[in-house]
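**Q** Show me how the following folds:
(one chain, ligands or ions: 2)
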Amino acid sequence: MTPASEIRPLHFLQKDELEERLRALGQPAYRAGQILDWAYGRDKRVESWEGMTNLPAALRSALAESHPISLPEVVTVSGSKDTTRKLLLRLRDGELIETVLIPASPALYGEESDRRTLCVSSQVGCAYGCKFCASGLDGWKRHLTADEIVGQVLLAEKISGERINNLVFMGMGEPMANYDNWLRAVSILNAPWGVGLGARKMTVSTSGLVPRIRDLADQPLQIRLAISLHGASDEVRGQIMPVNKKHPVEELMEACSYYCERKKQMITFEYILIEGVNDAPGEARLLAERARGLRAKINLIPYNTVDGLPWKRPSEDVQEEFLSILLGRGIAATIRREKGHDIDAACGQLRRRMSAG
Ligand code: SAH
Ligand code: SF4
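**A** Numbering: from 1, shown residues only. Ligands and ions are numbered 1, 2, ... in the order given. All right, here's what the predicted structure looks like:
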């Protein structure tokens, strides 16, 4: 019997860990390549050890015990092809998470009309309690393991029959608070023996965990960074994002600047427009200052309503004025027109419940 502490699902393992395990079992090194090809190869993706027909049966059963294949179970798929689809997934312990597939939109992305984005969850619930966000409403339950993060991509590709070519870690949870699992998942998703998705095709969004932003800056992976800013001053940001007390705006800006220098990359500020909270012209001017220093791009997101929360989005006139202040100061800014609002799959609408749809 394998001790419980040594049971690690196959999709949690890095290649070298699998090789080491095979060595311990007296197996030749090429077995790792065979197994990973069964697990991640485009035309394979088997979901049981029995399916790996070129492995000796005794080896299959030894590995099945210590490294089970246990992808989440797809409970429902809402939406349809060509629209935003939301997959409700059940994890080993019965917890539910969602992952959202956003199809190409020539209107949004122009030339890049074959873009298929997956919005991936990183935790069950979220501990950061931003005042406007559905994911934080029910609190934090647990981290996702790396295989549960990788599994979302495998299942989305299986259900859609298409390759995901853009990943955003903007689903439920705070990826940077689950840094080790998240980074392990990223490296499996990126690896040529794994899913093989370029790091530049992945964007991680964080509410501003400064030490982790610096850690990520020191990693060689060229992953993109988006900051959930939502307020350019401590007064405004502090009102809606408790994390701002621990890491105020200045400190966050310094970490962003460190990231940009290390990676030689530009970052994005996400800024939800909430009526009467952060949509004043003065806040737009300060936001422009913050962005200019870093040459950051700004993604304005009109607030998506959340049941049980009082906030709403400003009028289109106010949105446009906010945008024009940024553009007038030479800042690269856009307003994101949301997809998936009707199936509660838009930003900030993901929560731990069996939703309708
Ligand atoms: N925890 C990370 C990753 C989740 S990303 C983060 O906060 O960055 C989810 C994105 O949706 C964040 O930018 C978040 O601020 C935004 N969001 C949350 N609630 C929203 C809402 N009701 N309408 C629009 N965007 C929202
Ligand atoms: Fe958590 Fe991000 Fe929602 Fe804040 S915005 S509660 S950090 S998921």
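
**Q** Enumerate every residue touching Leu252.
**A** 208, 210, 213, 227, 229 (CB atoms under 8 Å, 6 or more residues apart in numbering). C-beta: built from backbone N, CA, C; applies to glycine.

**Q** wait, the third one sits on Cys260?
**A** Okay, so that is Ile213. No: judged on CB atoms under 8 Å, Ile213 makes no contact with Cys260 at a distance of 10.6 Å.

**Q** most surrounded residue in the contacts of Leu252?
**A** Leu229 (28 neighbours; other CB atoms under 10 Å).

**Q** ok, what's across the strand from the residue nearest to that residue when sequence neighbours are not counted?
**A** Take Leu229 and drop its neighbours on the chain: the residue closest to it by CB to CB, 6 or more residues apart in numbering is Phe269, 4.4 Å away. Phe269 has the following beta-bridge partners by DSSP bridges: Ile227, Ile298.

**Q** hmm, which helix or strand of the chain has the shakiest average pLDDT?
**A** Least confident helix or strand, the chain: helix 106-109 with a mean of 51, by mean pLDDT, DSSP states H and E.

**Q** How about the very next helix or strand once past it and ligand 2, touching?
**A** For helix 106-109, the following helix or strand on the C-terminal side (DSSP states H and E) is strand 117-119. No: residues of strand 117-119 contacting ligand 2 under CB under 6 Å from any ligand atom: none, with a closest distance of 11.5 Å.

**Q** From the contact counts, what lies against strand 117-119?
**A** strand 96-102, helix 146-160, strand 166-169 (3 or more CB pairs under 8 Å, 6 or more residues apart in numbering; DSSP states H and E).

**Q** which residues are contacting it?
**A** By CB under 8 Å, 6+ apart, strand 117-119 touches 99-102, 152-153, 156, 164, 166-168, 170-171, 345.

**Q** what does stretch 139-148 give?
**A** Outside stretch 139-148, the residues that reach it (CB under 8 Å, 6+ apart) are 9-12, 70-72, 91, 95, 97, 121-127, 129, 173, 177-178, 181-182, 184-185, 188, 352.

**Q** PyMOL command for the buried members of those residues?
**A** In PyMOL syntax, the buried subset of these is picked out as below (16 or more other CB atoms under 10 Å):
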select buried, resi 9+10+11+12+70+71+72+91+95+97+121+122+123+124+125+126+173+177+178+181+182+184+185+188+352
